[in-house]
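Asks: What would the 3D arrangement of this be:
(chains A and B)
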Amino acid sequence: MLRRIPSHIPNYIKPDGSITSLAFHKKRDEDGVSVDLERLSNFQKATLGDRRFRLLRINAGIIRNNINDGLETVHDPIIGNDAHSLIIGNITEGKKKQLLKASEEVKFISEINI
Amino acid sequence: MPTLTNSIQLNISSDISPVSSSVYHKRIQLSENNKSHIYSILAYGSLQENWDLYGAKKPSRGAITKAIKFICVELSNRKQEVFFTAPTPDGDILIELKNDNSIIEFLFSEETDDKIIASDDNVLYAECILNETTLKSYINWLYR
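Replies: Numbering: from 1, shown residues only, chains lettered A, B, ... in the order given. Take a look at the predicted model:
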């Protein structure tokens, strides 16, 4: 699963290089935290080609099996994004931090070989 | 943007937010670090809806005003230095204090109670509604 995070204004990356757990914040009126299914997406698609965003990767199996406690991932394709998925369940402050801890940043690797 | 000097007379209603009807007049000693975070929070007010491309709300004026007043009054009076600030996708404002691997997060909202959250190395320790008592006890916990 891929989740983009802002890295300009605002910047979800802290001065010490760590990332705020707001990266996995579920809005009050939302059903879940939006992510992209990685096999149907890539860095460019998931960041919408916008260099102001960076990308986190989290394994769906870790969400289901390790973090668990009612959290689940569901494929939820929307117009313009077949990869769209949701992390659903009661995403508490503690769960946000667990999700962050279980995630890793995806580094952009240029497809152009110089 | 208002000019903040080392010793300032801050008028929240006219200098920072036109929302608040209360006028706060007090000489406040702000560190350069805390001033810089106030500027960042003011800048969040210029964000548009959907700034995270996931449908984030524009940061609310109420949350921005509360967050800035909190830095000016509660944190600066306690000589606390802000480590990090950010808007949430709900339009709230986050302020963070840090000591080693321990963190206290303050969440200011126009719609809900303000919250205080303590964590160690990204593991939640405790959370509750922000008030004078919880503020004191959580800051004590941060420097335990």
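Asks: what helix or strand is the residue nearest to B:R78 when sequence neighbours are not counted on?
Replies: Closest residue in space to B:R78, ignoring its immediate chain neighbours: B:I139 at 6.7 Å, by C-beta to C-beta, 6 or more residues apart in numbering or on different chains. In short, each C-beta sits where N, CA and C put it, glycine included. In the assignment (DSSP states H and E), B:I139 maps to helix B:132-142.
Asks: Which other helices and strands does that helix contact?
Replies: Under the contact definition 3 or more C-beta pairs under 8 Å, 6 or more residues apart in numbering or on different chains; DSSP states H and E, helix B:132-142 sits against strand B:93-99, strand B:102-108, strand B:115-120, strand B:123-129.
Asks: in the third one, what counts as buried?
Replies: By neighbour count with 16 or more other C-beta atoms under 10 Å in any protein chain shown, strand B:115-120 contains the buried residues B:115-119.
Asks: Which ones, among those residues, also lie beside chain A?
Replies: By C-beta under 8 Å from any C-beta of the partner chain, the members of the buried residues of strand B:115-120 lying near chain A are B:117, B:119.
Asks: Return the residues in contact with the closest residue to chain B within chain A.
Replies: Here chain A gets closest to chain B at one residue, A:G94, 3.6 Å apart by C-beta to the nearest C-beta. Taking C-beta atoms under 8 Å, 6 or more residues apart in numbering or on different chains, we find A:G94 in contact with B:123-124.
Asks: go again using 7 Å as the cut-off
Replies: The contact partners of A:G94, by C-beta atoms under 7 Å, 6 or more residues apart in numbering or on different chains, come to B:L124.
Asks: With A:E38 instead?
Replies: A:E38 is in contact with A:1-2, A:57, counting by C-beta under 7 Å, 6+ apart.
Asks: switch the cut-off to 10 Å
Replies: By C-beta atoms under 10 Å, 6 or more residues apart in numbering or on different chains, the residues touching A:E38 are A:1-2, A:46, A:55, A:57-60, A:83, A:85, A:106.
Asks: For A:R57, see how far away it is.
Replies: A:E38 is 7 Å from A:R57, where distance means C-beta to C-beta, to the nearest Å.
Asks: about what we covered before: tell me the one of the contacts of A:E38 nearest A:H8?
Replies: Of all the contacts of A:E38, A:H8 sits closest to A:L55, with 14.1 Å by C-beta to C-beta.
Asks: can you confirm that closest one is in a strand?
Replies: Yes. Counting by DSSP: H, G, I helix; E, B strand; the rest coil, A:L55 is found in a strand.
Asks: Neighbours of it, how many?
Replies: Here the number of neighbours of A:L55 (other C-beta atoms under 10 Å in any protein chain shown) works out to 23.
Asks: do you know how far the residue nearest to it when sequence neighbours are not counted is from B:N77?
Replies: Excluding its sequence neighbours, the residue lying closest to A:L55 (C-beta to C-beta, 6+ apart) is A:V106, at 4.2 Å. Separation of A:V106 from B:N77 (C-beta to C-beta) stands at 42 Å.
Asks: Nice, that's everything, thank you.
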